[in-house]
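A.B. asks: sequence first, then the predicted structure, then my questions.
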Amino acid sequence: MRAPLTKRVGLGLGGLLAGSVVALFATNASAFEKQHHLGLSPGLAVLNVADKSTASVGAGLSLHYAYGLTDQFNFMVEGGSHVVALDQQMDTPETPRTFPARVDHAGVGIGYVLDVLRWVPYFGVLGTGYVVSGGTVESSKVIVGVAIAAGLDYQLSRRFAVGLALRQHFMASELSTYPTYTVAQLRFEYVWGY
């Protein structure tokens, strides 16, 4: 199934904007151990719910922090909140009570940096807690799971980086109800310490 034209155009324009920023401000940069990264990540979230015929799609914001334990390994902390549906309502008594309006998450883990050049691809694993709320969910539900992280950062300078990231979340304690939760992000971060 192809994404609607407006979503494809929006993603294309976002990529063009990110590429333009990279080209305008690029200078020499490197990654080091004991380096701190603090950033903001606006993103698009897609939640699949077992009893729902279509995916819940929305947007939100995440904060992230990483610390370079070595040149290759980063300690990672991430948290965010995404609205996945604005008008989830209990239309009938038979409407499942599993359609949340919002998903909040927080996790910690380890990331592996594949390279320490200007382009910095990475992947990682985070133990994550989730709270689904609103919509047809009668009360907030806490769920335990794991997130697989992948991304590509571009260091504009020693102090600033931008990037693209993907987080595939698995809500392990409710996997049959919420089989997949995916977040695609633009990342903007400030870097310090060497």
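C.D. replies: Ah, there it is.
A.B. asks: quick one: the helices in the protein?
C.D. replies: Counting by DSSP state H, the segments of the chain that form helices are 5-25.
A.B. asks: strands along that one, start to end?
C.D. replies: For the chain, strands defined by DSSP state E occupy the ranges 36-48, 56-68, 73-83, 102-113, 119-133, 141-155, 160-170, 180-192.
A.B. asks: what separates the residue lying farthest from the centre of the chain from residue 136, distance-wise?
C.D. replies: The C-alpha centroid of the chain is most remote from residue 93, which lies 33.8 Å away (C-alpha atoms, centre = their mean). Computed with C-beta to C-beta, to the nearest Å, the distance linking residue 93 and residue 136 is 11 Å. For glycine as for every other residue, the C-beta is placed from the backbone atoms N, C-alpha and C.
A.B. asks: OK, contacts around residue 75?
C.D. replies: Residue 75 makes contact with 66-67, 69, 108, 110-111, according to C-beta atoms under 8 Å, 6 or more residues apart in numbering.
A.B. asks: can you do 7 Å?
C.D. replies: Going by C-beta atoms under 7 Å, 6 or more residues apart in numbering, residue 75 touches 66-67, 69, 110.
A.B. asks: for the nearest residue to residue 50 once chain neighbours are set aside, grab the count of nearby residues.
C.D. replies: Distance criterion C-beta to C-beta, 6 or more residues apart in numbering; nearest residue to residue 50, sequence neighbours excluded, is residue 177 at 5.3 Å. Residues within reach of residue 177, counting by other C-beta atoms under 10 Å, total 16.
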